[in-house]
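Chemist: Would you be able to build a 3D model of this:
(chains A and B, ligands or ions: 2)
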Amino acid sequence: MVEVKLENLTKVFGKVVAVDHINLTVRDGEFLVLLGPSGCGKTTTLRCIAGLEAPDEGRVYFDEEDVTYLPPRDRDISMVFQSYAIWPHMSVYENIAFPLKMRKAPASEIDEKVKWAAELLRIGELLDRYPHQLSGGQRQRVAVARAIVVEPKVLLMDEPLSNLDALLRVLMRSELKKLQRRIKVTTIYVTHDQVEAMTMADRIAVMNEGRIMQVGSSTEVYDRPENLFVAGFIGSPRMNFFDATVRDGELDAEDFKLKLTPEQARALSGMEGKTVTVGIRPEHIYTPDSAKGESLQELDGTLDFFEQLGSDTVLHVRVGGKLLLAKISGRYTADLGSRIKVLLDLSKLHIFDKAGRSVL
Amino acid sequence: MYRWQQALTRIALYAAAVMVSAWVLTPIALIFISAFAVPEDYYDVGKVIPTEFTLENIRVLLFELREWRTTLNSIAVALLTIAVSFTLGLPASYSLARYVFPGRDGFKLLILSLRMFPLMVLGVPLAELYIRLGLSDTILGVALAHASLALPFVVLITYSIFVSIPVEYEEAAMVFGLTRAEAFFKITLPMALPGLAAAAMFTFVISWNEVFVASILTLMRRTLPADILVTVLTAPDPYKFAAAFIMVMPAITFVFIARRYLVTMWGISLR
Ligand SMILES: Nc1ncnc2c1ncn2[C@@H]1O[C@H](COP(=O)(O)OP(=O)(O)OP(=O)(O)O)[C@@H](O)[C@H]1O
Ligand SMILES: [Mg+2]
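Modeler: Ligands and ions are numbered 1, 2, ... in the order given. Below is the predicted model:
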């Protein structure tokens, strides 16, 4: 169990800066999730930590030890590859047993561990098969089983559940999380599924275009996004954004004006006359009968469209030239095009300056 | 109308296939029949297809004309050719497949262009060089020359084999405890083996069939084709056919065994 520290980590492929001066410390025994859109450099970062990729700049430390150029086998790590990389010429059993054999575990222990991991991942009856006889989801679980039979210093997982059905995925999430709690291995887990990130992570590192945009607990990145990217990336449906000008303790968005709370007004006092981007999550916009909280502001709009999600309903409300999404719990029915009142929870506003940094 | 056209295309296709097959198979069939026909049948103008068959022609060729020695020479040369061209070619093709380095594409092109170099031009200087080095009229000498002919093929073929094996398999092996070299031998090599075997057979056939270099560089230790060229051609027809039969055997065996791998070897996906 070690602390993993990335210092100015940079990896360039031709003209693409896959990883761009990343600084990140993963605490001893922590479950850290790397979350970001496709192509943002998650896999590349993981590969640098594994020693499969030599960074162009920067360092990787395991505790105090500089492992930047240490070969993978000397790092005492385990990894689930995004492409699984289970060996086609070995049976499922041999694949899972491989890391144990490498560590010269006694035969009885190997057998016991392989069976345990296979049971955990619900592939116990597939041990004699070869990879080409398995479905994609089954192969992926073999890859996970192979990674967890040993107790490494660092466990790296690259979208290990991406190919499983919804039910199995939820089950595996909790199994992996429980396992990680029990053996307290420092874990770096890559996903682009934000629900997975929110439910499993001790901390989430949100990445975009090779950079880390924010590191924090699930609630921190959700409640206090530090920049526009994180605000827009986390949460579904996406946060509503619109431009507004700060003027006399109000936000002037042309179609409507929002009154600032005294604290907000104080925080924005230096930005008088400046244009900012205002964000509000759909679940902080209410209908009159679902309204809660103090500082609410009523807006008149028309109902463009609504989506029933089962337990929730998403309303698309047009207010002047702006489209606001509101997520309310329960069912809602009304005629499209009818007039509707919505209430914005002003205490839940996010305000970003021109550079996209949160100012509130 | 449409069906009619389709049927016509189909007929044309089959006709073409039959013609190509006949083109290839007729000489082979002729060789097979004539090699085993008793000489009386062969020379009987009244008999188009011989009816009596014997192994006598082959026996005479191998043991009385003593071609078993040249056959052994040919086998030895071919095996040595495989050894030399694989020892030199595999590291080259593996690094072409796994590493990005400056000049990589140029290097591949260079290998290909080596095949365009006319062999005739090389023959005489090579013979002279061999005499000075004492390699003239040796098995090793011929094998080295053959290896230089086979090397571009070996590199290109095994390159496509290695490229088709995802690098992640090796990377996973390295993460779980193998060195790079061990990962190659324990993971990549077993997966590449069928393809490599096909490549080896192909190399065998290249060397086995090669006659020009082999006849220039040897005098006493001839390979089979080089010897056929000078001695067997003066022998009666049935022995020529017997010699031809022995000559085509490796290529035919190769086609039957390697058919499956040829498909992927050349990057063509028939199926
Ligand atoms: N070997 C490589 N050669 C060239 N470019 C590469 C290579 N590997 C990655 N890249 C580029 O680097 C960037 C980051 O890739 P990376 O695989 O790390 O993304 P990712 O976040 O894992 O994406 P995904 O969620 O789709 O797996 C991409 O633009 C990708 O095209
Ligand atoms: Mg990836």
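
Chemist: Next up, the contacts around the residue in chain A that chain B sits nearest to.
Modeler: Of all residues in chain A, A:Met102 sits closest to chain B, at 3.2 Å by C-beta to the nearest C-beta. Where C-beta positions appear, they are placed from N, C-alpha and C, glycine not excepted. Contact partners of A:Met102, counting by C-beta atoms under 8 Å, 6 or more residues apart in numbering or on different chains, are B:176-178.

Chemist: What segments of chain A are helices?
Modeler: Secondary structure of chain A (DSSP state H): helices located at A:42-50, A:92-102, A:107-120, A:136-148, A:166-183, A:194-200, A:218-223, A:228-233, A:262-267.

Chemist: chain center to the first one: distance?
Modeler: Think helix A:42-50. From the chain centre to the centre of helix A:42-50 is a distance of 16 Å (C-alpha atoms, centre = their mean, to the nearest Å).

Chemist: repeat for the fifth one
Modeler: Mean-position distance between helix A:166-183 and its chain equals 16 Å (C-alpha atoms, centre = their mean).

Chemist: Likewise for the second one?
Modeler: Distance, stretch centre to chain centre, for helix A:92-102: 31 Å (C-alpha atoms, centre = their mean).

Chemist: the inter-axis angle of that helix versus helix A:136-148?
Modeler: An angle of 20 degrees separates the directions of helix A:92-102 and helix A:136-148 when computed by axes from the mean of the first three to the mean of the last three C-alpha atoms, to 10 degrees.

Chemist: on that earlier part again, pipe the contacts of A:Met102 into JSON lines and attach distance to ligand 1 and secondary structure per row.
Modeler: Rendered in JSON lines, the data for the contacts of A:Met102 read as follows (distance: C-beta to the nearest ligand atom, whole Å; DSSP: H, G, I helix; E, B strand; the rest coil):
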{"residue": "B:Phe176", "distance to ligand 1": "21", "secondary structure": "coil"}
{"residue": "B:Gly177", "distance to ligand 1": "24", "secondary structure": "coil"}
{"residue": "B:Leu178", "distance to ligand 1": "21", "secondary structure": "coil"}
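
Chemist: Highest neighbour count among those?
Modeler: Of the contacts of A:Met102, B:Phe176 is surrounded by the most neighbours, 25 neighbours in total, counting by other C-beta atoms under 10 Å in any protein chain shown.

Chemist: And the lowest-mean-pLDDT helix or strand in chain A, what's buried?
Modeler: For chain A, using mean pLDDT, DSSP states H and E, the weakest element among its helices and strands is helix A:262-267, scoring a mean of 89. Judged by neighbour count using 16 or more other C-beta atoms under 10 Å in any protein chain shown, the buried positions of helix A:262-267 are A:Gln264.

Chemist: Going along the chain, name the helices of chain B.
Modeler: Listed in chain order (using DSSP H), the helices of chain B are B:2-36, B:39-43, B:56-59, B:67-98, B:104-114, B:119-133, B:139-163, B:167-175, B:180-183, B:189-209, B:212-217, B:224-230, B:237-265.

Chemist: can you tell which of the ones you listed is closest to A:Gly337?
Modeler: Closest to A:Gly337 of those, according to C-beta to C-beta: helix B:2-36, at 51.5 Å.

Chemist: What parts of chain A come near ligand 2?
Modeler: Along chain A, the residues adjacent to ligand 2 under the rule C-beta under 5 Å from the ion are A:43, A:82.

Chemist: Export only the CA atoms of stretch A:231-239, formatted as PDB.
Modeler: Taking only C-alpha atoms (Å, rounded to 0.1, in the frame of the first residue of the first chain), the coordinates of stretch A:231-239 have been written out as PDB:
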ATOM      1  CA  ALA A 231     -20.100  21.900 -13.800                       C
ATOM      2  CA  GLY A 232     -21.200  20.900 -17.200                       C
ATOM      3  CA  PHE A 233     -19.700  17.400 -17.200                       C
ATOM      4  CA  ILE A 234     -21.000  16.200 -13.800                       C
ATOM      5  CA  GLY A 235     -24.800  15.800 -13.400                       C
ATOM      6  CA  SER A 236     -27.500  14.600 -15.700                       C
ATOM      7  CA  PRO A 237     -29.400  16.300 -17.300                       C
ATOM      8  CA  ARG A 238     -26.600  18.800 -17.700                       C
ATOM      9  CA  MET A 239     -26.500  22.000 -15.700                       C
END
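
Chemist: gap between the closest residue to A:Val278 other than its chain neighbours and ligand 2?
Modeler: Counting by C-beta to C-beta, 6 or more residues apart in numbering or on different chains, A:Val278 lies nearest to A:Ala244, which is 5.0 Å off, once chain neighbours are set aside. Counting by C-beta to the ion, to the nearest Å, the separation of A:Ala244 from ligand 2 is 37 Å.

Chemist: Would you quantify the distance from A:Ala244 to A:Ile285?
Modeler: Using C-beta to C-beta, to the nearest Å, we find A:Ala244 at a distance of 15 Å from A:Ile285.

Chemist: Neighbour count for these two, which is higher?
Modeler: Just comparing A:Ala244 and A:Ile285: by other C-beta under 10 Å the higher neighbour count belongs to A:Ile285, 24 against 21.

Chemist: The closest residue to the more buried one other than its chain neighbours - how many residues pack around it?
Modeler: Ranked by C-beta to C-beta, 6+ apart and with sequence neighbours excluded, the top spatial neighbour of A:Ile285 is A:Ala326, at 3.8 Å. In terms of burial, A:Ala326 registers 28 neighbours under the definition other C-beta under 10 Å.

Chemist: Need the pLDDT of A:Ala326.
Modeler: What the model reports as pLDDT for A:Ala326 is 95.

Chemist: Quick check: beta-bridge partners of it?
Modeler: Beta-bridge partners recorded for A:Ala326 (DSSP bridges): A:Leu315.

Chemist: any idea how far B:Val155 is from the closest residue to B:Arg98 other than its chain neighbours?
Modeler: Among residues not flanking B:Arg98 along the chain, B:Val167 sits closest, at 6.3 Å (C-beta to C-beta, 6+ apart). Between B:Val167 and B:Val155 the distance is 19 Å, computed by C-beta to C-beta.

Chemist: Distance-wise, check B:Thr179 relative to B:Glu170.
Modeler: Relative to B:Glu170, B:Thr179 is positioned 11 Å away (C-beta to C-beta).

Chemist: If you count surrounding residues, which of the two has more?
Modeler: More neighbours sit around B:Glu170 than around the other of B:Thr179 and B:Glu170, counting by other C-beta under 10 Å; the figures are 23 against 14.

Chemist: Contacts only, for the more buried one.
Modeler: Contact analysis of B:Glu170 by C-beta under 8 Å, 6+ apart lists B:180, B:183-184, B:187-188.

Chemist: from the residues you listed, which is closest to B:Gln5?
Modeler: Proximity of the contacts of B:Glu170 to B:Gln5 (C-beta to C-beta) peaks at B:Thr188, which lies at 49.1 Å.

Chemist: What is the neighbour count of the closest one?
Modeler: In terms of burial, B:Thr188 registers 21 neighbours under the definition other C-beta under 10 Å.

Chemist: Domain-wise, how is the chain divided?
Modeler: I went with chain A, as the question did not name one. The record assigns chain A these domain ranges, following automatic domain parsing: A:4-233, A:240-352.

Chemist: Correction: the question concerned chain B.
Modeler: Using automatic domain parsing, the domain parsing of chain B gives B:1-54, B:67-265.

Chemist: For ligand 2, which of the ones you listed is the nearest?
Modeler: Minimum separation from ligand 2 across those (C-beta to the ion) falls at domain B:67-265, 11.9 Å.

Chemist: Quick one: check that closest one for contact with ligand 2.
Modeler: No - contact check for domain B:67-265 against ligand 2, using C-beta under 5 Å from the ion: none in range, with a minimum separation of 11.9 Å.
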